[in-house]
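>>> Give me the fold of what follows.
(2 chains)
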Amino acid sequence: NRDSTKCRAAVTRVEIDVFFNFHVLFVFQGKWKNKERVLVFSSRGINFRTRHLMQDLKTMMPHSKADTKMDRKDKLFVVNEVCEIKNCNKCIFFEAKKNMDLYMWVSNVPHGPSAKFLVQNVHTLAELKMTGNCLKGSRPLLSFDPKFDKEPHYALLKELFTQTFSTPQYHPKSQPFVDHVLTFTIADKRIWFRNYQIIEEDASLVEIGPRFVLNLIKIFQGSFGGPTLYENPHFQSPNMCRRLMRMEKAARQKERQMVKEIRLEKRKEVKEVLTEDVTDDVFVTPAEEKPKEVEHEAPRPSKSKKKKKLKLTELKKRTLLKRKGLR
Amino acid sequence: LPSLSLSFLIQLQEAFSKGLLKPGLNVPLEEPKKAVNNIEGLKMCLAEFKKNLPWVERLDLTNHPAVDVLAKIEGTLNKKQSSGEIDAEDDFQREMYFYRQAQATVLEALPKLKKLQIPTKRPDDYFAEMAKTDQHMQKVRKKLMQKQMAIEKSEKAKKLREQRKFGKKVQVEVLQKRQKAKKAMMTAVKKYQKGMTDKLDFLEGDQEGKKGSTASKSQMSKKGPNAKRKYKDQKFGFGGKKKGSKWNTKESFNDVSGFRAKTAHGKGGKKFNKGGKKNKRPGKETRRKMKARK
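Residues are numbered from 1 along each chain as shown, chains lettered A, B, ... in the order given. Below you'll find the model as predicted:
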């Protein structure tokens, strides 16, 4: 057996110059032992960005498999069965809710732990601002923040990510070069994922994408179920976030209304009568007393004036009634 | 009052009879929600789940970001960042932190990979499928070029604006100078006429001025009717050169530069309108723009 392997090694070394067989020969140098297969699929109701993200993950991971969309009516543990059928031992499952929120499950399928995340700030490979490029199926370097070693739940997540995202050596669909690096960093109590292409040996990098932010919700002991091992106390569901924003707006409106009402009330208040001013009586001068005249004869009636007056008042009355429609 | 269930009421009664509850208004306190953190469980799970694979299979590294060389030089090294606290709101700093973390990993991992004889550089004759198609990369390149062009254009426009401001200043100064010179000349002439001065020095000054202006004029005339002169030179210049000029040579036959598609198809109706203005000189703004576009 040893001789055969030595022979094979010798043969491959000689034929390395033939470039169109390069890839095939390199793979034959070793046997694929680490059998990791990741199933990447989603539920119904995802939008275009999520679909592209899934496609990008499949491009990045040659050890991945795809499956059709799962109906939301089925319970989550059905996913385990789907994985078993496809002979996969890891799973990345995307769940979209309300066409707005995207949740991601990463799980070790038969018995292992699983974690649920809320995915935010998704940018896909197709974005023109990400100018890097890498071989399809090349093996990545994984880079973790030292904070991952400090807490037990982060340590578990680190192991989960390592096993899921690292391409096994000598995988038939993989390329033998290591030309990109995936980084996982913890900032603002979230996990930030980035993908960089290694251009030069002096570690100059360009971003390839995709990029997203994971907000941990819960870690379960079983796959897609089981007892909760860890719950993130800083996590606030997106519904709660939206609710708080709406309540804030409502509170502001209520405050404004209250201020308005108070102002109106103040105006309607019975105004205080100020105490009497002494200086008010300064200009009051009583009139002089006139001698009372007693008229012995009746005054002459001025006919024309009266008639005119009568006429005028009559006219007025008549027009008023006409206007009112009573005549 | 919160709605109380029957069982709760019974409990309250019992508590009261035992003397645990004091008289007065008792409000049930809600316990603050405790997040599950089963550290033992987590550790056990990790121990079970861990696969002890050689580093070659995993290729993972945990490290602090590389030292920010630029910040060190500038002296703006952030203490917070060195301890590991990143401000997630400051986009640039955050992205630079991630970049430096990746850099540190690469710097550490490359020698290890070399030892294990895993190649990191793709040889030039190795053709394989890339994650992004060539078409996509061309789009990316186009976009970058567009951005660069936009920046250059804006820079050019800024410079032009500055130049124009400066040019306006210079123009004003020149005009003022001319007016002053004219004034001085006139006064000098008047003085001579009135007989106040005998010398004719001012004339000499005038000659110098003329020479200066002619020098600048000759420079201007070089640019003058260049295209027209060129064409005429080409057609009639140097006498006997144009003997064979009327022949239909291969070049002249294949030369389609004189072809105007609109005129050929009879659509260029707007051009030969001599009924309107004969010398339609473009306006000041248009001329300036034309000059700028050069």
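
>>> Do you have the strands of the chain handy? List them.
Picked chain A for this. Using DSSP state E, the strands of chain A run over residues A:38-42, A:64-66, A:90-97, A:101-108, A:114-123, A:138-144, A:175-187, A:190-198, A:205-207, A:211-222, A:225-231.

>>> switch to chain B, that's the one I care about
Counting by DSSP E, the strands of chain B are B:60-62.

>>> any chance you could map the helices in it?
B:6-18, B:39-49, B:55-58, B:69-74, B:79-83, B:91-115, B:134-194, B:201-223, B:226-236, B:250-254, B:261-264, B:284-293 (DSSP state H).

>>> Would you format the ones you listed as JSON lines with mean neighbour count and mean pLDDT included?
Bear in mind the C-beta positions are built from the backbone N, C-alpha and C, glycine included. Output for the helices of chain B, formatted as JSON lines (neighbours: other C-beta atoms under 10 Å in any protein chain shown; pLDDT from 0 to 100):
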{"stretch": "helix B:6-18", "mean neighbour count": "11", "mean pLDDT": "76"}
{"stretch": "helix B:39-49", "mean neighbour count": "16", "mean pLDDT": "90"}
{"stretch": "helix B:55-58", "mean neighbour count": "16", "mean pLDDT": "87"}
{"stretch": "helix B:69-74", "mean neighbour count": "10", "mean pLDDT": "74"}
{"stretch": "helix B:79-83", "mean neighbour count": "11", "mean pLDDT": "61"}
{"stretch": "helix B:91-115", "mean neighbour count": "18", "mean pLDDT": "91"}
{"stretch": "helix B:134-194", "mean neighbour count": "11", "mean pLDDT": "93"}
{"stretch": "helix B:201-223", "mean neighbour count": "10", "mean pLDDT": "57"}
{"stretch": "helix B:226-236", "mean neighbour count": "10", "mean pLDDT": "83"}
{"stretch": "helix B:250-254", "mean neighbour count": "8", "mean pLDDT": "83"}
{"stretch": "helix B:261-264", "mean neighbour count": "10", "mean pLDDT": "86"}
{"stretch": "helix B:284-293", "mean neighbour count": "10", "mean pLDDT": "89"}
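
>>> May I see the ones you listed organised as TSV, with distance to A:Arg252 added?
Listed next are the helices of chain B as TSV, based on distance: least, C-beta to C-beta, whole Å:
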stretch	distance to A:Arg252
helix B:6-18	37
helix B:39-49	42
helix B:55-58	52
helix B:69-74	41
helix B:79-83	34
helix B:91-115	29
helix B:134-194	41
helix B:201-223	68
helix B:226-236	69
helix B:250-254	76
helix B:261-264	63
helix B:284-293	50
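
>>> can you put those in JSON lines and add distance to chain A?
Formatted as JSON lines, the helices of chain B follow (distance: least, C-beta to the nearest C-beta, whole Å):
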{"stretch": "helix B:6-18", "distance to chain A": "28"}
{"stretch": "helix B:39-49", "distance to chain A": "4"}
{"stretch": "helix B:55-58", "distance to chain A": "5"}
{"stretch": "helix B:69-74", "distance to chain A": "12"}
{"stretch": "helix B:79-83", "distance to chain A": "11"}
{"stretch": "helix B:91-115", "distance to chain A": "4"}
{"stretch": "helix B:134-194", "distance to chain A": "5"}
{"stretch": "helix B:201-223", "distance to chain A": "44"}
{"stretch": "helix B:226-236", "distance to chain A": "43"}
{"stretch": "helix B:250-254", "distance to chain A": "41"}
{"stretch": "helix B:261-264", "distance to chain A": "36"}
{"stretch": "helix B:284-293", "distance to chain A": "29"}
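
>>> and of those helices, who's closest to A:Ser166?
Taking C-beta to C-beta, helix B:55-58 is the member of these nearest to A:Ser166, at 5.2 Å.

>>> any idea how far that closest one is from the chain center?
Put simply, helix B:55-58 sits 43 Å off its chain's centre (C-alpha atoms, centre = their mean, to the nearest Å).

>>> What of stretch B:252-261?
Stretch B:252-261 has its C-alpha centroid displaced from the chain centroid by 39 Å (C-alpha atoms, centre = their mean).

>>> Enumerate the residues of the stretch 201-327 of chain A near chain B.
A:201, A:203, A:205, A:208, A:218-219, A:221, A:227-233 (C-beta under 8 Å from any C-beta of the partner chain).
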